[in-house]
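Undergrad: no sequence on this one, just coordinates:
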Ligand SMILES: [Zn+2]
Ligand SMILES: [Zn+2]
């Protein structure tokens, strides 16, 4: 009996741990929050899996949308695996329709640096993008309605010392042939790309670039995910959101997004209640974090209030109470910065908390 009880407890704990691992973020003001990965490979380029497995993995990871982005120029298994540049999408798309996952047709232009690797999403025919000249290939993708992302701009294989924005990137950008940029790819973070996204108003992405299975890919708790704030649950609405830069990057324990979406996601994810005992002067803050990412708060300028914490961490899917005696009667609010939720280098989200 005791053994059975232990087995039951162990099973419940493992279900709970598994449930916590599937990423979840709530909808925000005016938009649905779609969980997406816009960069995946299959055996039709240099990936190790059949395309429909990407849909099965997406279901397990709480994703709503994936893009299949096999390399145009690098297909090591093409003697064994028949099919043109559209075939992997067709297989995954059929599985996506059966299981309720949106699959976006894409491809990865795979060139040496510069310009490096670029994903084209929402294309019609990947075969027509196979051409020697990178400029022509991207113009063809654009003529098909493609949305173009500069992938892993600081990948050490191509940019070993410093991450450089080359002249050709300026030319592509000026011709509307770079629309977005990966701030996060696989296990990498590119701070330069975050600055460029802010300077040049590029849509921000966090993508897995998975080649193996997600389970064996070495992603830790979760793969990088692009959250998309969409008007409805359709590929058209995803495209509209990407064009209008309504995305957030979820990478390890970090959220990166432009305002106002950073603040809107924070507001939807963090519930705050407060009560003040005017007899004793004690203030109580109650926090509930509804999302999968921790929320780390820091006081930019420490105040002289007894027991007021400089740092507060609200773990994913959990609640926390902070109780302290307010010895400062003249301040109404205190503003904390979210050190792991930010929109640019040194530009953080804000949480305002009452002191009375
Ligand atoms: Zn690549
Ligand atoms: Zn790739």
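TA: That came through, no problem. Since we're looking at a predicted model, the values are computed, not measured. Ligands and ions are numbered 1, 2, ... in the order given.

Undergrad: tell me the phi and psi of the residue of the stretch 201-350 of the chain found nearest ligand 1?
TA: In the stretch 201-350 of the chain, the residue that lies nearest ligand 1 is residue 209 (6.2 Å; Cβ to the ion). From N, CA and C alone the C-beta is placed, and that goes for glycine too. Main-chain torsions, residue 209, degrees, to the nearest 10: phi 50, psi 40.

Undergrad: that one touches residue 151, doesn't it?
TA: Yes - the pair residue 209 and residue 151 qualifies as a contact (Cβ atoms under 8 Å) at a distance of 7.2 Å.

Undergrad: between those two, which contacts overlap?
TA: Both residue 209 and residue 151 are in contact with 39, 185, where contact means Cβ atoms under 8 Å, 6 or more residues apart in numbering.

Undergrad: which one of these two is surrounded by more residues?
TA: More crowded of residue 209 and residue 151, by other Cβ atoms under 10 Å: residue 209, with 26 against 23.

Undergrad: for that one, what are its contacts?
TA: Residues near residue 209 by Cβ under 8 Å, 6+ apart: 39-41, 151-152, 185-186.

Undergrad: mind giving me the domain ranges of the protein?
TA: Split into domains by automatic domain parsing, the chain comes to 22-252, 265-354.

Undergrad: which of the ones you listed comes out lowest on mean pLDDT?
TA: Lowest mean pLDDT of these: domain 265-354, a mean of 94.

Undergrad: return the most buried member of the domains of the chain.
TA: Highest mean neighbour count among the domains of the chain (mean count of other Cβ atoms under 10 Å): domain 22-252, with a mean of 19.

Undergrad: quick one: is it near ligand 2?
TA: Yes - Domain 22-252 lies within reach of ligand 2 by Cβ under 5 Å from the ion, at 108, 209.

Undergrad: what about the residue nearest to residue 69 when sequence neighbours are not counted, helix or strand, and which?
TA: Nearest residue to residue 69, sequence neighbours excluded (Cβ to Cβ, 6 or more residues apart in numbering): residue 106, at 4.0 Å. Using DSSP states H and E, residue 106 sits in strand 102-110.

Undergrad: show me what contacts whatever residue of the stretch 51-200 of the chain ends up closest to ligand 2?
TA: For the stretch 51-200 of the chain, the residue positioned closest to ligand 2 under Cβ to the ion is residue 108, at a distance of 4.9 Å. By Cβ under 8 Å, 6+ apart, the contact list for residue 108 reads 39, 41, 45, 69-72, 117-119, 151.

Undergrad: restricted to strands, list the residues you listed.
TA: Secondary structure defined by DSSP state E assigns 39, 117-119 of the contacts of residue 108 to strands.

Undergrad: wouldn't residue 110 be in contact with residue 119 here?
TA: No - in this structure, residue 110 is not within contact of residue 119 by Cβ under 8 Å, at 10.1 Å.

Undergrad: which of the contacts of residue 108 sits closest to ligand 1?
TA: Nearest member of those to ligand 1, counting by Cβ to the ion, is residue 117, at 3.4 Å.

Undergrad: picking up where we left off before, with distance to residue 258 added, can I get the domains of the chain in JSON lines?
TA: Shown next, in JSON lines, are the domains of the chain (distance: least, Cβ to Cβ, whole Å):
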{"stretch": "domain 22-252", "distance to residue 258": "6"}
{"stretch": "domain 265-354", "distance to residue 258": "6"}
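
Undergrad: measure the residue of the stretch 101-250 of the chain found nearest ligand 2 to residue 184 for me?
TA: Closest to ligand 2 within the stretch 101-250 of the chain is residue 209: 4.3 Å, counting by Cβ to the ion. Taking Cβ to Cβ, to the nearest Å as the measure, residue 209 falls 10 Å from residue 184.

Undergrad: now residue 154
TA: According to Cβ to Cβ, residue 154 stands 11 Å off from residue 184.

Undergrad: now for these two: what residues contact both?
TA: residue 190.

Undergrad: roughly how far out does the helix or strand harbouring residue 320 sit from the chain middle?
TA: Using DSSP H and E, residue 320 falls within strand 318-325. Relative to its parent chain, strand 318-325 has a centroid offset of 29 Å by Cα atoms, centre = their mean, to the nearest Å.

Undergrad: got the contact list for it?
TA: With Cβ under 8 Å, 6+ apart, strand 318-325 has contacts from 280-289, 305-309, 312, 314.

Undergrad: for that strand, which strands pair with it and how are they oriented?
TA: Partner strands for strand 318-325, per DSSP bridges, with pairing direction: strand 282-289 (antiparallel).

Undergrad: just give the nearest non-adjacent residue to residue 194, would you?
TA: Take residue 194 and drop its neighbours on the chain: the residue closest to it by Cβ to Cβ, 6+ apart is residue 183, 5.1 Å away.

Undergrad: surely the one you found forms part of a strand?
TA: Yes - per DSSP: H, G, I helix; E, B strand; the rest coil, residue 183 lies within a strand segment.

Undergrad: hang on, isn't it packed against residue 248?
TA: No - applying Cβ under 8 Å, one finds residue 183 not in contact with residue 248, separated by 10.4 Å.

Undergrad: need the overlap of contacts for those two.
TA: Counting by Cβ under 8 Å, 6+ apart, the shared contacts of residue 183 and residue 248 are 204, 256.

Undergrad: tabulate the ones in strands among the contacts of residue 108 (TSV), appending distance to residue 32.
TA: Conversion of the ones in strands among the contacts of residue 108 to TSV gives the following (distance: Cβ to Cβ, whole Å):
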residue	distance to residue 32
39	21
117	30
118	28
119	23
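
Undergrad: which pair of the residues you listed spans the longest distance?
TA: Spatially, the most separated pair among the ones in strands among the contacts of residue 108 is 39 and 118, at 10.9 Å (Cβ to Cβ).
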